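> Give the three-dimensional model of this entry:
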Amino acid sequence: MILSAVSVVFLPRQFHVSVVENNNISFTRQASWFFPAYMLLISFFVLPIAIAGKLLLPTDAEPDMFLISLPLSQGYDWLALFVYLGGFSASASMVVLAVIALSIMVSNNILMPIILKTRTAAARGYAYLSVWLLYIRRVVIVIIMFLAYGFTSQ
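Okay, here's the model as predicted:
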């Protein structure tokens, strides 16, 4: 629980969902009890899966793969595919959210102060900047994705 609480401050996607996307203070009050309940509910399923993996799978089975290995070992290929698709969907959404949060951080904290210091930006007005902000964020998203791909391909 401490790790989850600290992650809200340090992870870009957690900060984005908790702070940036929060439009109403009542959502914070609701999340203060809903998030711990969600964590408890998700954690409830970890122990039975771990016990089943230790009992039914070989001793050299990777614990991180128990959720896919268990249905495969019992002949439920369709369930393993369903689990895989759910994991793929969750990881893809986390990547998208992290890249969007990072692009907002880069554009707001690095690029926009540089642009606002130029005289041409002030002369054209702030409405002009709002149009360019969207383009800047899109370019930053593409750059972050290429940097991430370059980092993982080494």
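
> residue closest to the middle of the chain?
In the chain, the centroid-proximal residue (CA atoms, centre = their mean) is Met94; its distance is 2.9 Å.

> That one and Asn22, how far apart?
Met94 is 19 Å from Asn22, where distance means CB to CB, to the nearest Å. Backbone N, C-alpha and C define where each C-beta goes, glycine included.

> hang on, the earlier thing: where does the residue nearest to the centre of the chain land on pLDDT?
pLDDT for Met94: 84.

> That one: which element?
In the assignment (DSSP states H and E), Met94 maps to helix 77-106.

> Could you check that helix and say which residues are buried?
Neighbour counts over helix 77-106 (16 or more other CB atoms under 10 Å) mark Ala80, Val83, Leu97, Ala98, Val99, Ile100, Ala101, Leu102, Ser103, Ile104, Val106 as buried.

> Between the residues you listed, which sits nearest Tyr135?
Nearest to Tyr135, judged by CB to CB, of the buried residues of helix 77-106 is Ser103 at 11.4 Å.

> hmm, back to that, of the buried residues of helix 77-106, which is the nearest to Pro58?
Closest approach to Pro58 among those (CB to CB): Ala80, at 16.5 Å.

> Please list all residues in contact with the closest one.
Shown in contact with Ala80 (CB atoms under 8 Å, 6 or more residues apart in numbering): Ile68, Pro71, Leu72.

> The first one contacts Leu85, correct?
Just to be clear, that refers to Ile68. No - Ile68 lies out of contact with Leu85 (CB atoms under 8 Å); the separation is 10.9 Å.

> pLDDT-wise, which helix or strand of the protein ranks last?
Sorting the helices and strands of the chain by mean pLDDT, DSSP states H and E puts helix 119-124 at the bottom, at a mean of 64.

> name the helices or strands packed onto the next helix or strand after it?
Remark: after helix 119-124, the chain's next helix or strand is helix 126-152, criterion DSSP H and E. With contacts taken as 3 or more CB pairs under 8 Å, 6 or more residues apart in numbering; DSSP states H and E, helix 126-152 sits against helix 77-106, helix 112-117.

> angle of helix 126-152 against helix 77-106?
Per axes from the mean of the first three to the mean of the last three CA atoms, to 10 degrees, the angle that helix 126-152 makes with helix 77-106 is 130 degrees.
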